[in-house]
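Undergrad: coordinates only, sequence not included:
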Ligand SMILES: Cc1cc2nc3c(=O)[nH]c(=O)nc-3n(C[C@H](O)[C@H](O)[C@H](O)COP(=O)(O)O)c2cc1C
């Protein structure tokens with residue numbers, strides 16, 4: 001179906017299409033018979049696909065990556081599409097507008113996108129309100145949290161701590177985003193000393209929250225870390241007692257691309273990211289001796305890509 005409507009969708013600018021599809025899903029999710037029809041089309045529960053990771057059971061290992069439903073507006077509609085989990089966000093403490101538009105660019109010849117969204121979102125309070133409402137059953141909901149644009153790096157931990165407290169009891173897991181390339185300085189939080197301090201503060205906060213057992217914490221890493229940087233980051237993650245790693249966010253690399261929009265500033269996603277992300281998954285599995293669950297993201301566009309990610313040692317993966 002997507003192949004048929006794709007030429008139509010590609011006539012409009014990418015961010016408008018993003019908004020329209022989200023609105024369509026939000027509206028569909030409000031109408032019982034439409035939900036029923038979507039479920040009939042897309043949800044085929046299969047006990048063989050059930051999986052467990054970081055202490056949680058999932059209906060299947062395929063999830064929706066952060067960035068599509070930044071404000072948790074379309075949970076009921078998205079839940080009808082067959083995902084085992086939905087990651088909402090990145091949400092920041094306060095609402096922010098993100099970078100000026102245009103900020104999403106198609107690279108059709110490369111089956112890729114470049115985005116420099118910069119975390120546009122309605123803030124933690126708005127998402128908290130939405131997550132307090134009745135939630136769709138059978139799908140795990142993770143909240144991806146990030147530092148605000150105006151928060152200095154040295155105060156970043158305060159943002160993450162406040163967000164962890166805000167979503168106490170509302171998120172099945174929390175993804176700590178330290179790897180988006182579009183928030184100035186954010187990726188520096190992946191350096192060992194910064195990361196250790198941040199993660200230790202978050203892990204120490206968990207026992208003071210109401211959620212029991214404590215909410216699993218995952219860290220989302222960039223695909224652009226050198227081997228030594230990745231080893232350092234993984235060391236900090238393991239030492240802090242975090243529950244899993246998401247590999248990866250978008251890349252700043254532009255190797256071997258054909259489309260003119262490759263020169264746009266931002267993070268590249270889609271097919272050209274696939275091998276880079278997969279290499280990152282493999283490296284993390286090796287460094288942790290497969291003791292820490294890894295969630296694969298990056299260029300996963302079909303069952304074969306998902307299979308490769310799972311075979312590489314990923315516990316679940318994202319589309
Ligand atoms: C338009 C767009 C917005 C995104 N926003 C976020 C975000 O807010 N937080 C985040 O952690 N990742 C964000 N991502 C990264 C995705 O979650 C994912 O890690 C990355 O795109 C690689 O997967 P893909 O190749 O399947 O797209 C965004 C990606 C795109 C394309």
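TA: Arrived safely, thanks for sending. The model shown is predicted, which means the values in this text are computed figures rather than measured ones.

Undergrad: in the chain, what secondary structure element scores lowest on mean pLDDT?
TA: strand 316-318 (a mean of 71; mean pLDDT, DSSP states H and E).

Undergrad: Leaving out the residues flanking it, which one is nearest to residue 162?
TA: Distance criterion C-beta to C-beta, 6 or more residues apart in numbering; nearest residue to residue 162, sequence neighbours excluded, is residue 93 at 5.5 Å. Backbone N, C-alpha and C define where each C-beta goes, glycine included.

Undergrad: sorry, that was for residue 232
TA: Once chain neighbours are set aside, the closest to residue 232 by C-beta to C-beta, 6+ apart is residue 192, at 4.1 Å.

Undergrad: I figured the residue nearest to residue 162 was touching residue 124, is that so?
TA: Yes: taking contacts as C-beta atoms under 8 Å, residue 93 lies within contact range of residue 124: 5.4 Å.

Undergrad: out of these two, which sits in the more crowded spot?
TA: Neighbours per residue, other C-beta atoms under 10 Å: of residue 93 and residue 124, the larger number sits with residue 124, 23 against 20.

Undergrad: Could I get the contacting residues of that one?
TA: 91-94, 162-163, 166-167 (C-beta atoms under 8 Å, 6 or more residues apart in numbering).

Undergrad: Now the two most distant members of the residues you listed.
TA: 94 and 167 (14.9 Å; C-beta to C-beta).

Undergrad: So for those two, which residue has more residues nearby?
TA: Comparing residue 94 with residue 167 by other C-beta under 10 Å, the one with more neighbours is residue 167, at 24 against 15.

Undergrad: residues in contact with that one?
TA: 124, 127-128, 131, 143, 145, 174, 215.

Undergrad: host element of residue 113?
TA: In this structure, residue 113 sits in strand 112-115 according to DSSP states H and E.

Undergrad: And the helices in the stretch 201-319 of the chain, which stretches?
TA: 227-240, 274-287, 303-311 (DSSP state H, counting those that start in this stretch).

Undergrad: To clarify, my last question referred to the stretch 51-200 of the chain.
TA: 75-78, 124-132, 156-166, 192-205.

Undergrad: Can you report how many residues lie near the nearest residue to residue 218 once chain neighbours are set aside?
TA: What sits nearest to residue 218 in space, not counting adjacent residues and going by C-beta to C-beta, 6+ apart, is residue 244, at 4.3 Å. By the measure other C-beta under 10 Å, the count of residues near residue 244 is 25.

Undergrad: Look up how far residue 316 lies from residue 244.
TA: Computed with C-beta to C-beta, to the nearest Å, the distance linking residue 244 and residue 316 is 9 Å.

Undergrad: Find the residues that touch each one of these two.
TA: With C-beta under 8 Å, 6+ apart, residue 244 and residue 316 have common neighbours 53, 293, 295.
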